[in-house]
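> Just need the structure, nothing else, for what follows:
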Amino acid sequence: MSIKVGIIGCGKIAQVRHIPEYMANPHTEIAGFYDINLARAEELAKTYGGKAYPTYESLLADPAIDAVSVCAANHVHAEISIAALKAGKHVLCEKPMAISLEECEAMVAAAKESGKYLMIGQNQRLAKAHAKAKELIEQGAIGKVLTFRTTFGHGGPETWSIDPGKNVWFFDKTKAAMGAMADLGIHKTDMIQYVLGSKIVRTQAMLTTLDKRDATGNLIGVDDNAICIYQMENGAIGTMTASWTYYAAEDNTTVIYGTKGELRLYDDPRYSVQQINSDGTRIDYQIDQIQTNDNQTASGVIDLFVKSLVENTPPEISGENVLHAMKAVFASIESSAKGCAVDVK
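The predicted model follows:
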């Protein structure tokens, strides 16, 4: 079975993740590319095969294309995904799902109405240490989870983007809508719900811009740091930190504290999971290493998406499944603006 895929948005995430992972999957063929920079799409078509389309609408109108990856800027995720679903294409959309709760819900509704699949690229669920931690918690390895802290920080997207520098779209509020919270915070928000098997029900957050400046020297219009206190449905509380100002080293760690011990995830260069028990004993698991901007490895997202298409089964990380994490993100933004805790409905 050969699934013909279209790439909408040919920036860095498409070039380091989506395109090579589709090329490596035996069930897929990249049939088309669209980018606002047509020359970029044409260059990729020349390299990988398929054709470049002048508009995303013309790509979606091609009946030969079965599915698309939406790798465009945040503000058009909903518009393009909904149009693709209505055109009868399965959709893999990059995170954050969209820039408002209304848009996220409209995407989920469009998937239901079309009968096509909508998957969101929340790749941290597929990191092996996170899956192992979920398993250990379900087994009661550290007892009842009481608290946690989870962090995702690096030096910012301006060095990683396909068009590096201070004019990256990530810094443009009209295109990104949100900053570090949407870029990195959504990953850890979604991940902590997955690992703990519990939803966020309340958030107290501060989103702020401390250091990032645009080409004119002014502070950027989106947050470069976000710190949230999350209360989970199961009673646990913890912090989630997202930052674009970790200039020395990337931090993608999580520590979960329970009544019988703790789990440290991606906190040690040798062991991606460390179980430290309350009696002082410990178990170290050498499973994998977390991806970094400088060390890109296969995410597993594309293979999971393709698997759902081949087997005709809904994707595990569906739009509907990710919706509550997005609600927690939007509630955190509201909390920061109001200066008070906000319930996640």
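
> Give me the pLDDT for the residue nearest to Asp303 when sequence neighbours are not counted.
For Asp303, ignoring the flanking residues on the chain, the nearest one in space by CB to CB, 6 or more residues apart in numbering is Asn25 at 6.1 Å. For every residue, glycine as well, the C-beta is placed using N, CA and C. Asn25 is assigned 97 on the pLDDT scale.

> Asn25 contacts Gly300, doesn't it?
No: using CB atoms under 8 Å, Asn25 is not in contact with Gly300, being 11.1 Å away.

> How much space separates the residue with the largest distance to the centre of the chain from Gly143?
For the chain, the residue at maximal distance from the C-alpha centroid (CA atoms, centre = their mean) is Asp279, at 36.5 Å. Using CB to CB, to the nearest Å, we find Asp279 at a distance of 12 Å from Gly143.

> got it, and Cys93?
Applying CB to CB to Cys93 and Gly143 gives a distance of 37 Å.

> quick one: which of the two has more around it?
Remark: of Cys93 and Gly143, Cys93 carries more neighbours, 25 against 15, as counted by other CB atoms under 10 Å.

> beta partners for that one?
Val70, Ile120 (DSSP bridges).

> so it sits right up against Glu79, yeah?
No: using CB under 8 Å, Cys93 is not in contact with Glu79; the gap is 11.1 Å.

> tell me the phi and psi of Gly88?
phi 90, psi 20 (degrees, to the nearest 10).

> do the same with Val255
According to degrees, to the nearest 10, Val255 has phi -130, psi 130.

> Same question for Gly153.
phi -140, psi 140.

> One more: Asp268?
Dihedral angles (degrees, to the nearest 10) for Asp268: phi -130, psi 140.

> neighbours of Glu158, just the number please.
18.

> Kindly confirm my reading that His130 is in a helix.
Yes: note on His130: a helix contains this position according to DSSP: H, G, I helix; E, B strand; the rest coil.

> Check what pLDDT Met1 gets.
Reading off the model, Met1 has pLDDT 67.

> May I have stretch 25-35 as PDB, with CA atoms only?
The C-alpha atoms that make up stretch 25-35 are tabulated as PDB, following Å, rounded to 0.1, in the frame of the first residue of the first chain:
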ATOM      1  CA  ASN A  25       8.600   4.600   5.700                       C
ATOM      2  CA  PRO A  26       7.900   1.900   3.200                       C
ATOM      3  CA  HIS A  27       4.200   2.800   3.000                       C
ATOM      4  CA  THR A  28       4.500   6.400   1.900                       C
ATOM      5  CA  GLU A  29       5.500   8.500  -1.100                       C
ATOM      6  CA  ILE A  30       5.800  12.200  -1.000                       C
ATOM      7  CA  ALA A  31       3.700  13.500  -3.900                       C
ATOM      8  CA  GLY A  32       3.700  17.200  -3.300                       C
ATOM      9  CA  PHE A  33       5.100  20.300  -1.500                       C
ATOM     10  CA  TYR A  34       3.700  23.700  -0.800                       C
ATOM     11  CA  ASP A  35       5.500  26.600   0.900                       C
END
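
> So which bits of it are buried?
Within stretch 25-35, the residues that count as buried by 16 or more other CB atoms under 10 Å are 25, 28-35.
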